[in-house]
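K.L.:
Build me a structure from this.
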Amino acid sequence: MTEQSVEVAVEVPVAPPAAFKIFTEEIDLWWVRGPINFWDSARAIEVRIEPGVGGRILEVYADDALERGVITAWEPGERLEYRSSVDDTETTITFAPIDGGTRVTVVEALVEGGTRADYSWQNVLYWFPAWVTRRDTAPSTPREVGRLAIALSYDDPAAAARWLHTVFGLETWDRIPDEGRQPSWIELHAGACSIILLKRTEPGPPAADHAAWVYVDDLDAHFTHSQENGATIVQEIHQYGFRSYEAEDLDGHRWTFLQARPTQP
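P.N.:
I've put the predicted structure just below:
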């Protein structure tokens, strides 16, 4: 059964008017550009909030845009609300003064009669304080992931993330999962390179426990070339936020090839 609502909160070291302005005007700068963080990762070039009641929350493509939601309340420095266009939720975001800054709280609620609720803010909101902390010294351009990533499979990806962070000093553009938290997607970073931690679903050979992820400019052409030249196709082209296919090389190592975004260097 779908939960009726989900609430998450973070604190940032700026006053509510500044927090509201940074949240709404700079969302494209603090949005983490991981492969699952867009509805259509292969085409996305920007995330944008149009100000005011009736404004839209947009995932922008080169030739059009996906409307993620429509704003129903706009009170700068205090609150904004929107009705989702991609699931059956209403979201309220409040900016409350606290000692030393602002508590930003997001409540996503399933509307009456609704059946689908993605509740993505419970992951997304944690990107915001990271940007507020570094924005005075960071470039005013979106931070893009590199074209090469690795994926590692673990029995307990969250515990692995904590271990890799503590022992090897690996960081994340998101957050290291707390004890008891089991996010469905964990992505660490070394510079612009992603280290994706996945749940091991079944025992397999060592080669199946890790994979290289490579972003390419033309996924369809790449798939055809790989198939024609002897790659073992494990999964044909499919889309889950990102568009990709999986193959094995001559020694059975697993590779995932993804469609690069237009802005990906």
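K.L.:
Burial check on Ile176, number of neighbours?
P.N.:
Close neighbours of Ile176, defined as other Cβ atoms under 10 Å, add up to 16. Every residue, glycine included, has its C-beta placed from N, CA and C.
K.L.:
Check the gap between Ser226 and Thr92 for me.
P.N.:
47 Å (Cβ to Cβ, to the nearest Å).
K.L.:
Oh, that last question was meant for Glu3, not what I typed.
P.N.:
16 Å.
K.L.:
which one of these two has more residues nearby?
P.N.:
More crowded of Glu3 and Thr92, by other Cβ under 10 Å: Thr92, with 17 against 10.
K.L.:
what about that one, which helix or strand?
P.N.:
strand 89-98 (DSSP states H and E).
K.L.:
Next: Ser244.
P.N.:
strand 242-248.
K.L.:
what packs against that strand?
P.N.:
helix 219-228, strand 232-240, strand 254-259 (3 or more Cβ pairs under 8 Å, 6 or more residues apart in numbering; DSSP states H and E).
K.L.:
what about the stretch 101-250 of the chain, any weak spots by pLDDT?
P.N.:
In the predicted model, the stretch 101-250 of the chain carries pLDDT under 70 at residues 202-208.
K.L.:
Could you list the domains of this protein?
P.N.:
5-135, 148-259 (the TED database).
K.L.:
Just name the most buried of these.
P.N.:
domain 5-135 (a mean of 17; mean count of other Cβ atoms under 10 Å).
K.L.:
circling back: show me what secondary structure element comes after the strand holding Thr92.
P.N.:
strand 101-110.
K.L.:
Could you list the alpha-carbon positions for the helix or strand following that next one in CSV?
P.N.:
Remark: after strand 101-110, the chain's next helix or strand is helix 121-124, criterion DSSP H and E. Output of helix 121-124 as CSV, limited to C-alpha atoms (Å, rounded to 0.1, in the frame of the first residue of the first chain):
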residue,chain,number,x,y,z
TRP,A,121,12.2,14.5,-2.4
GLN,A,122,13.3,12.2,0.4
ASN,A,123,16.4,11.7,-1.6
VAL,A,124,16.6,14.9,-3.6
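K.L.:
tell me what helix 121-124 is packed against?
P.N.:
Short answer (3+ Cβ pairs under 8 Å, 6+ apart): helix 121-124 packs on strand 5-12, strand 101-110.
K.L.:
which residues are in contact with it?
P.N.:
By Cβ atoms under 8 Å, 6 or more residues apart in numbering, the residues outside helix 121-124 that reach it are 6, 8, 31, 37, 91, 106, 108, 174, 183, 185.
K.L.:
Let me see the contact set for the first one.
P.N.:
The contact partners of Val6, taken as Cβ under 8 Å, 6+ apart, are 107-108, 117, 119, 121-122.
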